[in-house]
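Q: would you be able to build a 3D model of this:
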Amino acid sequence: MRLLVIGAMAAVSLLSACAKPAGDGSAGSPRHGRYVGVGIYPAGQMWSQVVVSNAPKDATASRTSDDEQIIVVVDSATGELRQCGNLSGYCVGMNPWAKPLAPSQVAPAPLVKHADQLGQDAAAAKTKVTIAAHP
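A: This is a model prediction of the structure:
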């Protein structure tokens, strides 16, 4: 019996030496990553109107108008909040503590057209279709 207890104690002490210290990024540590998901929402009509700084030259590269979802994350190290398009990868950030973002990425964001202008364009297009349908 004594031999069994000594063997069990030796096994426990050997196995406990294999444990990783907390905080090293292992699965058991409280910190799991730098970026924390805040939410996902559909890309609205205005997302495609944001002026993109350093737009890709490749014609096959996706643009903000191709984005279907906006992913919002916060950087747990700096507190910066970013919203990024799921296909274009274009991000708009807000962090008053960091170095300044490009002028096109700082709120208020410059837009190609404003929401009321898009509404007027849609109404004008609808009127043209209605007039063309009636001879």
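Q: OK, contacts around the residue nearest to S65 when sequence neighbours are not counted?
A: Nearest residue to S65 in three dimensions, chain neighbours excluded: S48, at 3.7 Å (CB to CB, 6 or more residues apart in numbering). Every C-beta, even on glycine, is put in place using the N, C-alpha and C of the backbone. S48 makes contacts with R63, T64, S65, D67, as judged by CB atoms under 8 Å, 6 or more residues apart in numbering.
Q: show me what contacts the nearest residue to the last one once chain neighbours are set aside?
A: By the measure of CB to CB, 6+ apart, the closest residue to D67 outside its immediate chain neighbours is G85, 3.4 Å from it. Listed by CB under 8 Å, 6+ apart, the contact partners of G85 are A43, W47, S62, T64, D66, D67, Q69, I70, I71, C91.
Q: as CSV, those residues with pLDDT and neighbour count would be great.
A: CSV is the format used below for the contacts of G85 (pLDDT from 0 to 100; neighbours: other CB atoms under 10 Å):
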residue, pLDDT, neighbour count
A43, 94, 19
W47, 90, 21
S62, 92, 15
T64, 91, 20
D66, 94, 13
D67, 95, 21
Q69, 96, 13
I70, 95, 20
I71, 95, 18
C91, 91, 16
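Q: need those in a markdown table with distance to E80, can you?
A: As requested, the contacts of G85 are exported to a markdown table (distance: CB to CB, whole Å):
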| residue | distance to E80 |
| --- | --- |
| A43 | 20 |
| W47 | 19 |
| S62 | 23 |
| T64 | 20 |
| D66 | 25 |
| D67 | 20 |
| Q69 | 20 |
| I70 | 16 |
| I71 | 14 |
| C91 | 10 |
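Q: which other residues reach the host helix or strand of A124?
A: Using DSSP states H and E, A124 sits in helix 115-133. By CB under 8 Å, 6+ apart, the residues outside helix 115-133 that reach it are Q45, M46, Q49, K113.
Q: so for it, what's the average pLDDT?
A: Helix 115-133 carries an average pLDDT of 82.
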